[in-house]
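Participant: Sequence first, then the predicted structure:
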Amino acid sequence: MLSDIEPLADLLADARRLVVLTGAGCSTESGIPDYRSPRPGPRSRPIRYMEFVRKPLMRRRYWARSMVGWPAIAAARPNSGHAALARLEAAGRVDTLITQNVDRLHHAAGSRDVVELHGALAEVRCLDCGAITDRAAMQARLRAANPGWIAAADTINPDGDATLDRDDYERFVVPPCATCGGMLKPRVVFFGESVPPQRVAASFAAVERADALLVAGTSLTVYSGLRFVRAAAERGLPVGLVNLGPVRDDHLIDARIDGPTGAALPALVERLLR
Ligand SMILES: NC(=O)c1ccc[n+]([C@@H]2O[C@H](COP(=O)([O-])OP(=O)(O)OC[C@H]3O[C@@H](n4cnc5c(N)ncnc54)[C@H](O)[C@@H]3O)[C@@H](O)[C@H]2O)c1
Ligand SMILES: [Zn+2]
């Protein structure tokens, strides 16, 4: 793999205002699964925004599974790939890190200029009054409202929930907003929901200022991230990639490492800062 580093390092060697775009692949080595790597066991279809707001049973089911899945997300630690990106930023070489991840691991590793395109599981938002509260506090309320709810987690899913072998979700109690009694939702962008325009604008502005783009750990299947790669390519910026496996719009990539971010990013950053 080390033999693959040189072309990517050469491509990014002169970059002083890098934009980094990351995805779920950066966090698999921290124990949080992505959607597209092969893995055993059942996969659950992610909840859609309309189901969540319109169907009380789907909401109960979401929060029940989230209550079981949350401790694993909360306990996840950043890996050497996250650390390498934080180091590159601390060295003054990164303008903005745009992440599609909702796990806050880039922050935990020390990255500062981060756009959380899809929000963060660590926060809960009231759809009625807009109040933002802590997911950890919600966890305590969920547990208190559902004593004896047996946590039989079979699989932790990418969205921070768990696949539960049960179907009695109508018994699950979802606490309302403590301020207004309204409907609480994790502050993440669900399928069928759009990314808040300020986050998109901030990301495009970063690409406008940038002198190169580094993509890491994303299949670029979701247009939400892909559009920034297209914008960078349109501007004629060098576009580098660290990812296991194929990505969408592969022809826009100028140099790549086909390897795990946990090993490849530290090696790349080491080489860039030498
Ligand atoms: N950790 C998280 O916060 C998390 C996890 C799963 C999904 N999501 C959400 O789901 C969507 C998924 O899109 P995506 O493009 O981020 O993920 P994705 O699952 O589509 O793509 C992940 C890519 O990373 C690769 N990969 C896996 N492990 C890797 C490793 N160790 N090193 C290098 N590459 C690795 C996979 O082969 C795949 O190509 C996003 O919108 C995101 O919000 C978030
Ligand atoms: Zn409220």
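Facilitator: On my side now, so go ahead. Ligands and ions are numbered 1, 2, ... in the order given.

Participant: What distance do you get for the residue nearest the centre of the chain to Gly225?
Facilitator: The chain has Asn101 as the residue nearest its centroid, 0.6 Å off, counting by C-alpha atoms, centre = their mean. Asn101 sits 10 Å away from Gly225, going by C-beta to C-beta, to the nearest Å. C-beta: built from backbone N, CA, C; applies to glycine.

Participant: Quick check: neighbours shared by those two?
Facilitator: The contact sets of Asn101 and Gly225 overlap at Gly23 (C-beta atoms under 8 Å, 6 or more residues apart in numbering).

Participant: which ones are touching the residue nearest to the centre of the chain?
Facilitator: Thr22, Gly23, Ala24, Cys26, Ser27, Glu116, His118.

Participant: list the buried ones in stretch 12-20?
Facilitator: Leu12, Ala15, Leu18, Val19, Val20 (16 or more other C-beta atoms under 10 Å).

Participant: do stretch 124-140 as well
Facilitator: Of the residues in stretch 124-140, those buried (16+ other C-beta under 10 Å) are Val124, Arg125, Cys126, Thr133, Arg135, Met138, Gln139.

Participant: and the closest residue to Ala90 other than its chain neighbours, what pLDDT?
Facilitator: Among residues not flanking Ala90 along the chain, Gly110 sits closest, at 7.0 Å (C-beta to C-beta, 6 or more residues apart in numbering). Gly110 carries a pLDDT value of 98.

Participant: Tell me where this structure has helices.
Facilitator: Here the chain has its helices, by DSSP state H, at 5-12, 49-54, 56-75, 80-90, 105-109, 135-145, 197-209, 223-234, 261-273.

Participant: who wins for proximity to ligand 1 among those?
Facilitator: Nearest to ligand 1, of all the helices of the chain, is helix 261-273, at 4.0 Å by C-beta to the nearest ligand atom.

Participant: For the closest one, what does the pLDDT average out to?
Facilitator: In this model, helix 261-273 carries a mean pLDDT of 98.

Participant: Might you enumerate the residues of the stretch 51-200 of the chain proximal to ligand 1?
Facilitator: Gln100, Asn101, Val102, Asp103, His118, Pro158 (C-beta under 6 Å from any ligand atom).

Participant: Make JSON lines from those residues and add pLDDT to it.
Facilitator: Formatted as JSON lines, these follow (pLDDT from 0 to 100):
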{"residue": "Gln100", "pLDDT": "98"}
{"residue": "Asn101", "pLDDT": "97"}
{"residue": "Val102", "pLDDT": "97"}
{"residue": "Asp103", "pLDDT": "97"}
{"residue": "His118", "pLDDT": "97"}
{"residue": "Pro158", "pLDDT": "63"}
